[in-house]
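Trainee: structure of the sequence below:
(chains A and B)
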Amino acid sequence: MIEVRNVTKSYGDLKVVDEVCIRIPKGKITSLIGPNGAGKSTLLAVISRLIPKDGGEVYIDQIELSDWDNRELAKKISILKQTNHTDLRLTIRELVSFGRFPHCRGNLTKADWDQVDLAISYMGLADIQDKYLDQLSGGQRQRAYIAMVIAQDTEYILLDEPLNNLDMKHSVEIMKMLRRLVEDLGKTVIIVIHDINFASCYSDFIIAMNNGAVVKVGTANEIIDRSLLTDIYDLDFHIETVNNNRICIYY
Amino acid sequence: MKNIYLLVILVVLAVISVSIGAADLMNDEVNILLLSRVPRVIAVIIAGMGMSIAGVIMQQLSRNKFAAPTTATTVDAAKFGVLISLILFPASGSLVKMVTAFAAALLGTLLFMTILQSLKQKNTIFVPLIGIMLGSVIDAVTTVIAYRYDLVQNISTWMMGNFSMVIKGRYELLYLSIPLLVVAYLYAQQFTIAGMGEDFATNLALNYHLVVNTGVAIVALITALVIITVGRIPFLGLVIPNIVALYKGDNLRNTIITTALFGAVFLLVCDIFSRIMIYPYEIPIGLTVGVVGSIIFLYLVVRRRGQ
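Mentor: This next block holds a predicted model:
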């Protein structure tokens, strides 16, 4: 379980994350939603120690971030940021093999390569694994990065806007893949996501944030609520239930 | 190209290089070989490998294809270091000059990297432009000081890439590059991961700042060693890694040996060319590398635009 206690992060006078307390259960998909500037991505980066927090504690399996050995932590939790642009010419297979770095410090054994092969085939990239990243479509590239995170083989997988720049088909593919990670492999997935209907259809829990604070935490059905969302997004929401999923119409 | 082919070509070129020259080998064979010809070939090979590896490390760490010791302030800062040692320790040997050149090169490159980190926009052309601008400022300061101490000519002699001055007893410092190349090889994977960005590296439990500083120190040290023993060799660190990357990608673990071998072959070809063009005289190696290198460089830029 990830437990966040009173975490604060400021940039200058602006409190981007303000006294946030949440618990994220294991083996589920938890989505962070909220308008731009709500502090979702910052909170995700703080939980994954990419940026230092100004106050509060983050416990990962009951151990505070600062007490974790950095290498052990990299075998426990992985984070993929939204901007994965690189000028380096790497093949998919090379990129995915980097995921094994915390385990083997760059000297991959047979077992490590097996893990790489598994991650590549899991994301359906086996046919194009020797292609360079700059030859791929946006959807393929995103899958390659997720395959790297799978090869890293961590219990917790944090993704910052994994659907960014993807069309509907690829977005659905990625979300189904994440569900399989949770259901088949028992991973815990935490995502920052903008498309509220994807959050509604594919998450177990949703954390709604606004102005650096958590507004409400609950199951998808509890959070996809007209008055709550209207309040957070300052938009007029209309909510329908289609095939047991709550779908927002706000266009 | 397979590394083994490159190695064979390197050996063949080394033999050719040893067998050509102004002096007649018949008279005093062994002495000429040991005093001048063999040291020269060794110096060319090590310098070629060193500058190519320094270039590829800079390119990965600064995340820019056009970064190299010549475009990332390193060389200009090293030149400033040579000047300082000429003023402060005029009677000192190569080792003192090397240490001051290294210290200056390290500070200059770190300054460049710091400026780079504070930049919001890391445009492909903008990054080397910053490096060249910063290098020019340092170069201007060097020239002003050198002018006041009447060292302008002296320092330009030091900087001019020239293998004809390489004889036994005057180039051995260059051997210090070999352990650096080994360290670079061991760090190859780390450099590539660091080149993917700080967040990416942190996620994989890589100490980003340690790796970047190690890389910059290797680049500064190799550059200082080459400048002190041979002089400035332009374009090599820029062109060689880019050509290798076209065919083998940017995973340094896979490309570092090819890059080193190809750099040595390229410089050896240029050196042989320099020596036979106006035989029995020589064209400075910097000129040959500059002409051949800039043609290849232009080709790369145009090709890049075409993609």
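Trainee: give me the below-cutoff pLDDT ranges for the stretch 201-307 of chain B.
Mentor: By pLDDT under 70, the weakly predicted segments of the stretch 201-307 of chain B are B:304-307.
Trainee: and it, which of its residues are near chain A?
Mentor: B:T202, B:N203, B:L204, B:A205, B:L206, B:N207, B:A245, B:G249, B:D250, B:N251, B:R253, B:N254 (C-beta under 8 Å from any C-beta of the partner chain). Where C-beta positions appear, they are placed from N, C-alpha and C, glycine not excepted.
Trainee: ok and the residue in the stretch 51-200 of chain B nearest chain A?
Mentor: Proximity of the stretch 51-200 of chain B to chain A (C-beta to the nearest C-beta) peaks at B:Q189, 3.8 Å away.
Trainee: which element is that residue on?
Mentor: helix B:188-195 (DSSP states H and E).
Trainee: let's see that helix as PDB, backbone CA atoms only.
Mentor: Provided in PDB are the C-alpha atoms of helix B:188-195 (Å, rounded to 0.1, in the frame of the first residue of the first chain):
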ATOM      1  CA  ALA B 188      28.700   3.100 -21.500                       C
ATOM      2  CA  GLN B 189      25.200   1.900 -20.400                       C
ATOM      3  CA  GLN B 190      25.000   4.500 -17.700                       C
ATOM      4  CA  PHE B 191      25.800   7.300 -20.100                       C
ATOM      5  CA  THR B 192      23.000   6.300 -22.400                       C
ATOM      6  CA  ILE B 193      20.500   6.100 -19.600                       C
ATOM      7  CA  ALA B 194      21.600   9.500 -18.300                       C
ATOM      8  CA  GLY B 195      21.100  10.700 -21.800                       C
END
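Trainee: which elements pack onto it?
Mentor: With contacts taken as 3 or more C-beta pairs under 8 Å, 6 or more residues apart in numbering or on different chains; DSSP states H and E, helix B:188-195 sits against helix B:38-61, helix B:198-203, helix B:208-229, helix B:252-277.
Trainee: closest to A:Y156 out of those helices?
Mentor: Taking C-beta to C-beta, helix B:198-203 is the member of the helices and strands packed on helix B:188-195 nearest to A:Y156, at 11.7 Å.
Trainee: outside of that closest one, which residues touch it?
Mentor: A:45, A:48-50, A:74, A:78-81, A:84, A:152, B:193-194, B:208, B:211 (C-beta atoms under 8 Å, 6 or more residues apart in numbering or on different chains).
Trainee: now that helix: buried residues?
Mentor: Within helix B:198-203, the residues scored as buried using 16 or more other C-beta atoms under 10 Å in any protein chain shown are B:D199, B:F200, B:A201, B:T202, B:N203.
Trainee: are stretch B:44-58 and chain A in contact anywhere?
Mentor: No. Using C-beta under 8 Å from any C-beta, we find that stretch B:44-58 stays clear of chain A, coming within 11.3 Å at best.
Trainee: what mean pLDDT would you report for that stretch?
Mentor: Throughout stretch B:44-58, pLDDT has a mean value of 95.
Trainee: ok, the closest residue to B:L35 other than its chain neighbours to B:V38 distance?
Mentor: The spatially closest residue to B:L35, leaving aside those adjacent along the chain, is B:K168, at 4.8 Å (C-beta to C-beta, 6 or more residues apart in numbering or on different chains). The span separating B:K168 from B:V38 equals 8 Å under the rule C-beta to C-beta, to the nearest Å.
Trainee: in what helix or strand does A:D184 lie?
Mentor: Following DSSP H and E, the helix or strand that holds A:D184 is helix A:168-185.
Trainee: bridged to A:S78, which residues?
Mentor: A:I157 (DSSP bridges).
Trainee: what about it, how many neighbours?
Mentor: Other residues near A:S78 come to 26 when the count uses other C-beta atoms under 10 Å in any protein chain shown.
Trainee: kindly report the same for the one 4 residues further on.
Mentor: Counted with other C-beta under 10 Å, the burial measure for A:Q82 works out to 14 neighbours.
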